[in-house]
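**Student:** the sequence and its predicted three-dimensional model are supplied below.
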Number of protein chains: 6
Amino acid sequence: MTLTHLDAQGKARMVDVGDKAASRRQAVAEAWVHMQAETLQRILDGGFEKGDVFTVARIAGIQAAKRTAELIPLCHPLMLDQVQVELTAEPQHRRVHIQARCRLEGKTGVEMEALTAATVAALTLYDMCKAVDPAMTIEQLRVCEKLGGKTGHWRHPALTSQTD
Amino acid sequence: MTLTHLDAQGKARMVDVGDKAASRRQAVAEAWVHMQAETLQRILDGGFEKGDVFTVARIAGIQAAKRTAELIPLCHPLMLDQVQVELTAEPQHRRVHIQARCRLEGKTGVEMEALTAATVAALTLYDMCKAVDPAMTIEQLRVCEKLGGKTGHWRHPALTSQTD
Amino acid sequence: MTLTHLDAQGKARMVDVGDKAASRRQAVAEAWVHMQAETLQRILDGGFEKGDVFTVARIAGIQAAKRTAELIPLCHPLMLDQVQVELTAEPQHRRVHIQARCRLEGKTGVEMEALTAATVAALTLYDMCKAVDPAMTIEQLRVCEKLGGKTGHWRHPALTSQTD
Amino acid sequence: MTLTHLDAQGKARMVDVGDKAASRRQAVAEAWVHMQAETLQRILDGGFEKGDVFTVARIAGIQAAKRTAELIPLCHPLMLDQVQVELTAEPQHRRVHIQARCRLEGKTGVEMEALTAATVAALTLYDMCKAVDPAMTIEQLRVCEKLGGKTGHWRHPALTSQTD
Amino acid sequence: MTLTHLDAQGKARMVDVGDKAASRRQAVAEAWVHMQAETLQRILDGGFEKGDVFTVARIAGIQAAKRTAELIPLCHPLMLDQVQVELTAEPQHRRVHIQARCRLEGKTGVEMEALTAATVAALTLYDMCKAVDPAMTIEQLRVCEKLGGKTGHWRHPALTSQTD
Amino acid sequence: MTLTHLDAQGKARMVDVGDKAASRRQAVAEAWVHMQAETLQRILDGGFEKGDVFTVARIAGIQAAKRTAELIPLCHPLMLDQVQVELTAEPQHRRVHIQARCRLEGKTGVEMEALTAATVAALTLYDMCKAVDPAMTIEQLRVCEKLGGKTGHWRHPALTSQTD
């Protein structure tokens, strides 16, 4: 197996997907934003405020997914059918879980789009809370699951063992 | 202390920096991309290929830093004086260390720009190697250091204790 | 009927169009820019100048239509087959009429693209004339007509009654 | 007085602001989105939902303000100090009022940025509710007030007479 | 034959491609960057440096191809299947040859994308070397070959005569 | 003298301009688009049509100048004070001359912005006429003149000898 983004001479290129068949594809990515207990509490306090911080992060993630091909040099432009970003407070772990799901019918996978959505949602959360908690850290940013294409159904090994 | 991106009613806004004085500012952010030993070896094998994978990631990070205000909704547009992205292979830990440094003379800090550069460099690394190692994970994405502005010199607590 | 951009919990999301069939679609939007009689006269005076102001507005509208999904957070990215923007002076009413028409073969309607094209053409007109007439006002920005998709042919009620 | 965006031959150009002094500037723009009484009621019903629709529109407006120079061909790129977008339900008039305020210290006014923010917020509102009320119309999109620069304080004539 | 981007009244428009059939298309464009012998030597000296300058230019060209529709007002947005940019040193002529190849399955040709990729790669080369050789010149930027669509196979006349 | 975009290890970086003083700067770039005599004639025929083709190219060039830092990876973001693009038919040589001039007060030169404006104007001209003359070629794309900064006044050697 080879690094498909490098040609025979090791030069970067955008892989030719002209001969690939379009299929229904889906990818899920996730990340955790760790913070101080008080920071999370402050986000959760009050109805509006919670809605707002999470909504801004969600919108930022959705918009970023649409611009993945501009950010990642060798990504193909795609037309996403759906982007969904969910933020869940996990107060017992002093962190927020972020999950992004992308779907499309196309020739290439959408894991980069899902990763980009999750990442930018996490960075937006950081941005909104950095004045009170600059040491916030983003952990375990990864693709959890892919469906469609040649590979079929793939789950991150860490998740597979967790469930079994 | 309050979440400065939320006004009295908890509604998101872009903070007014009109009265802040411009000062020299710098921020450093970092992340680690964990992978299989063979993936890292493959990146390192051969002169060109290594140069290439790391160069593409570095360029992607630099370009992303310039577009931070488009990605993060409440970030102010800024004119960066410098962006620097460094990738270092750490084969003993089967990971790559990414460090991004941004500098400018301005009214707001540049930690979001440094975080964005480090993140997009990491995602680009993932993109280029995902065919051989889809389980790669990005860890400990955080701001390490900030200089300038009202806060003066700030270092991430985890790093301070490490060095002392 | 529900607001399709809000899920069961009222959280914003980009609607899944994966199961929708692609069809030929078209949308027309319009707006009027009201101004002083002398402003309109100045635009109309001389061959080049008229061509120029209207051409710049037309080009701006066409380019904006292509970027609708970047501006409107929950819009799907689409590949427009055609964008057409027309500006017509209506000196008797001291205003300019702007009409934008978008076409594509796709899973979602193109009314947001048509609205965006008409709007940005109107804003560009304002920008070019604001030094002489800052009180210019944009009125009745709306979708006039849609074709294709599940809804079939839709016309704005105000227009239907006008014609009948 | 001449149309400053046209040179002696009537050709479009980006006006030279090199000799203008930087000053504190502010501009306020507004628009109204008219809709059916039930549409507005649906937006207002429930805590989250209201917050959400208005928050998404607010974020879209803020982000668009930062990209004004990309949308309006002859606008100068600027570094905004602040963008603020407010949406207010006016149920008695079956409409939503949108007001956008932009501030910066610079060589050119920020009325195009305020107009762009108000417009894109209005279009986003339309996008989120168009499935239930496609006949929604945007009215009276205009600059209400400008501060700073050579002109000093300017108010839209319609507003001046209203208040006096 | 008429200029297809102008309608009957000579007004610019984005041509309607709704009725065109999608087909496999390819286009190749090229350019030469002329420079001083020492500039080219400096680029070629050392392994990393060469890789780097050419890699940055290649990446810039690939990324620009994806944004062609944003840069060229009347271009249709497309989803490229492949972009390839190659830089070849021609020391005997004190110049670098740049060739860009784009492929897609779509309704419109991809020559503008290939030209944009070649151009931006050339400009990036200029940018990286301008401190030592500001007189560098880009020559013979042109489409060499097109495949697919109604026209079938087209080669630039200058190239046809060269080979025959 | 060294290639300033490569650090000691030959890795690409965005040069630090933090210590450079801001000064008034200007750059002029040019290019020629060669075409068939009939193509140029067709552009020149009729008042509107000429205005239109040249206006669209001019607007495209101005807009591209503002996005130079997005296209050229190691360019600094800047705030242009002025962009001017001029197209002149040279029927005796069957070509169009394009000249772009950029001005700003800043820490870095604006030659990349001027080159980008001239290039994108040329590509737009190609795009609008390619259906009738696909063999059109862009020649002698270069910086003609720079003012400001450490270097002071620089003219392209070819131009200096021409005039003297």
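**Tutor:** Right, received. Where do you want to start? Numbering: from 1, shown residues only, chains lettered A, B, ... in the order given.

**Student:** give the burial count for residue A:20, as a bare number.
**Tutor:** Neighbours of residue A:20 under the rule other C-beta atoms under 10 Å in any protein chain shown: 14. Yep, even glycine has a C-beta here, placed from its N, CA and C like the rest.

**Student:** cool, and residue A:19?
**Tutor:** Residue A:19, neighbours per other C-beta under 10 Å, totals 9.

**Student:** near chain E, which residues of chain A?
**Tutor:** A:11-18, A:69-70, A:73-74, A:76-79, A:107 (C-beta under 8 Å from any C-beta of the partner chain).

**Student:** so which of the residues you listed are in strands?
**Tutor:** Assigned to strands by DSSP state E, none of the residues of chain A next to chain E qualify.

**Student:** give me the ChimeraX select line for those, limited to the buried ones.
**Tutor:** Per 16 or more other C-beta atoms under 10 Å in any protein chain shown, the buried members of the residues of chain A next to chain E correspond to this ChimeraX selection:
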select /A:11,12,13,14,15,17,69,70,73,74,76,77,78,79,107
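
**Student:** just the residues of chain A next to chain E: which are in helices?
**Tutor:** Judged by DSSP state H, the subset of those located in helices is A:69, A:70.

**Student:** and the pLDDT for residue A:29?
**Tutor:** In this model, residue A:29 is scored at 98, pLDDT.

**Student:** cool, and residue A:10?
**Tutor:** 63.

**Student:** over to residue A:107?
**Tutor:** 88.

**Student:** likewise for residue A:99?
**Tutor:** 97.

**Student:** sheet-wise, list the partners of the host helix or strand of it with their directions.
**Tutor:** Using DSSP states H and E, residue A:99 maps to strand A:95-106. Strand pairing for strand A:95-106, using DSSP bridges, gives strand A:23-34 (antiparallel), strand A:82-90 (antiparallel).

**Student:** which of the residues in that strand are classified as buried?
**Tutor:** Those would be A:95, A:96, A:97, A:98, A:99, A:100, A:101, A:102, A:103, A:104, A:105, A:106, for strand A:95-106 by 16+ other C-beta under 10 Å.

**Student:** could you do stretch A:118-137 as well?
**Tutor:** Within stretch A:118-137, the residues that count as buried by 16+ other C-beta under 10 Å are A:118-130, A:132-137.

**Student:** pLDDT weak spots in chain A?
**Tutor:** Low-confidence segments of chain A (pLDDT under 70): A:1-10, A:46-51, A:161-164.

**Student:** if we check chain C, which of the residues of chain A next to chain E are in contact?
**Tutor:** Filtering the residues of chain A next to chain E for neighbours of chain C using C-beta under 8 Å from any C-beta leaves A:78, A:79.

**Student:** how long is stretch A:15-35 end to end?
**Tutor:** Taking C-alpha to C-alpha, to the nearest Å, stretch A:15-35 runs 39 Å from one end to the other.

**Student:** show me which of the buried residues of strand A:95-106 is closest to residue C:24.
**Tutor:** residue A:105 (18.1 Å; C-beta to C-beta).

**Student:** what bridges to that closest one?
**Tutor:** Going by DSSP bridges, residue A:105 is paired in beta bridges with residue A:24.

**Student:** what residues are up against it?
**Tutor:** Residue A:105 sits next to A:22, A:23, A:24, A:25, A:81, C:18 when contact means C-beta atoms under 8 Å, 6 or more residues apart in numbering or on different chains.

**Student:** surely residue A:97 meets residue A:34?
**Tutor:** No: using C-beta atoms under 8 Å, residue A:97 is not in contact with residue A:34, being 10.6 Å away.

**Student:** in space, what's closest to residue A:129 - neighbours in sequence excluded?
**Tutor:** Setting aside the residues directly before and after it, residue A:129 is nearest to residue A:39 in space (C-beta to C-beta, 6 or more residues apart in numbering or on different chains), at 5.5 Å.

**Student:** now swap in residue A:75 and tell me
**Tutor:** Sequence neighbours aside, residue A:69 is the residue nearest to residue A:75 in space, at 4.5 Å (criterion: C-beta to C-beta, 6+ apart).

**Student:** residue A:136 now?
**Tutor:** Nearest non-adjacent residue to residue A:136, counting by C-beta to C-beta, 6+ apart: residue A:35, 4.6 Å away.

**Student:** which ones are touching residue A:135?
**Tutor:** Shown in contact with residue A:135 (C-beta under 8 Å, 6+ apart): A:36, B:142, B:143, B:156, B:157, B:158.

**Student:** which of the residues you listed count as buried?
**Tutor:** Buried subset of those (neighbour count, 16+ other C-beta under 10 Å): B:142, B:143, B:156.

**Student:** was I right about the second one contacting residue B:110?
**Tutor:** Same thing as residue B:143. No: Residue B:143 is beyond contact range of residue B:110, at 9.9 Å (criterion: C-beta under 8 Å).

**Student:** quickly list what's touching both of those two.
**Tutor:** Taking C-beta under 8 Å, 6+ apart as the contact rule, residue B:143 and residue B:110 both touch residue B:27.

**Student:** follow-up on the earlier one: among the contacts of residue A:135, which pair sits farthest apart?
**Tutor:** Spatially, the most separated pair among the contacts of residue A:135 is A:36 and B:143, at 14.7 Å (C-beta to C-beta).

**Student:** before we move on, the earlier item: just the buried subset of the contacts of residue A:105, please.
**Tutor:** Of the contacts of residue A:105, these count as buried by 16+ other C-beta under 10 Å: A:25, A:81.

**Student:** pick the one among the contacts of residue A:105 closest to residue C:114.
**Tutor:** Closest to residue C:114, out of all of these and judged by C-beta to C-beta, is residue A:81, at 21.5 Å.

**Student:** I'd say the closest one and residue C:16 touch.
**Tutor:** Yes: if you go by C-beta under 8 Å, residue A:81 and residue C:16 touch, sitting 6.0 Å apart.

**Student:** which neighbours do these two have in common?
**Tutor:** Common neighbours of residue A:81 and residue C:16 (C-beta under 8 Å, 6+ apart) are residue A:103.
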